[in-house]
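>>> Curious how this folds, go ahead:
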Amino acid sequence: MIRTLVEKARAMLLESKLSKKMWGEAILCAAYLINRSLTSSLKGNVTPAEMFYGNKPNLKNLKIFRCLAYYCIPKQRLEGKFNSKGEACIMIGYTHNGYRLWNPIHRKLVIARNIFDERKNIEDIEEKTVNMKTTWLKSEDEQAKDTEKTDDEEFVETLSKFQNSTEEET
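Numbers count the residues shown, from 1 in each chain. The predicted structure follows:
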């Protein structure tokens with residue numbers, strides 16, 4: 001049983017590209033999933049959770065490990081009328097009445113019931129945000145130049161600027 005837990009947790013961590021520091025959360029999530037999966041050691045097509053609790057487990061709450069989730073910011077922490085009322089997190093596990101979410105910005109564990117987007121992960125959101133911020137600050141001409149330049153051209157341009165600055169100093 002322990003090997004099964006470790007193997008499932010390892011696969012979840014590798015697929016999700018989360019830090020190995022999240023191994024405990026991956027083990028808890030793997031145990032939750034194993035307890036709700038059919039096993040050949042129990043007769044009669046029952047899950048371990050069904051055997052323990054006496055009724056079939058609800059599988060509608062299952063989500064993809066490390067999918068994007070938003071949780072509602074408590075009213076006490078809301079900063080303004082037009083600021084976001086939710087924060088993006090990573091789904092890393094389950095509780096009896098919600099989900100365990102990791103907030104990478106505040107580096108905190110949050111337990112909540114939330115909105116999920118299983119098609120996306122946190123990297124998709126971070127990449128879009130960074131791209132939006134950088135393109136917002138640049139003019140259209142700068143954006144066009146950035147797309148036209150190759151790495152070699154940028155290297156040559158940087159080298160020529162460096163040479164010009166050293167010639168001016170002498």
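>>> Please enumerate the strands of this structure.
Residue ranges of the strands in the chain, as given by DSSP state E, are 68-72, 86-94, 99-103, 108-112, 115-117.
>>> Tell me the buried residues in the first one?
I take that to be strand 68-72. Within strand 68-72, the residues scored as buried using 16 or more other C-beta atoms under 10 Å are 68-71. Glycine gets a C-beta too; all of them are placed from N, C-alpha and C.
>>> Turn those residues into JSON lines, including pLDDT and distance to P104.
What follows is these, written out as JSON lines (pLDDT from 0 to 100; distance: C-beta to C-beta, whole Å):
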{"residue": "L68", "pLDDT": "88", "distance to P104": "11"}
{"residue": "A69", "pLDDT": "88", "distance to P104": "12"}
{"residue": "Y70", "pLDDT": "87", "distance to P104": "13"}
{"residue": "Y71", "pLDDT": "87", "distance to P104": "13"}
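>>> residues near the closest residue to N97 other than its chain neighbours, how many?
Spatial nearest neighbour of N97, excluding adjacent residues (C-beta to C-beta, 6 or more residues apart in numbering): R113 at 7.3 Å. Residues within reach of R113, counting by other C-beta atoms under 10 Å, total 12.
>>> Next: the one 4 residues further on.
Look at D117: counted by other C-beta under 10 Å, it has 15 neighbours.
>>> Then the one 3 residues further on?
Counted by other C-beta under 10 Å, the residues lying close to K120 total 13.
>>> list the contacts for it?
Residues near K120 by C-beta atoms under 8 Å, 6 or more residues apart in numbering: 67-68.
>>> what's the distance between it and V110?
Here K120 is placed at a distance of 18 Å from V110 (C-beta to C-beta, to the nearest Å).
>>> try G80
G80 is 21 Å from V110, by C-beta to C-beta.
>>> dump the residue contacts of K8.
So K8 contacts 30, 33-34 (C-beta under 8 Å, 6+ apart).
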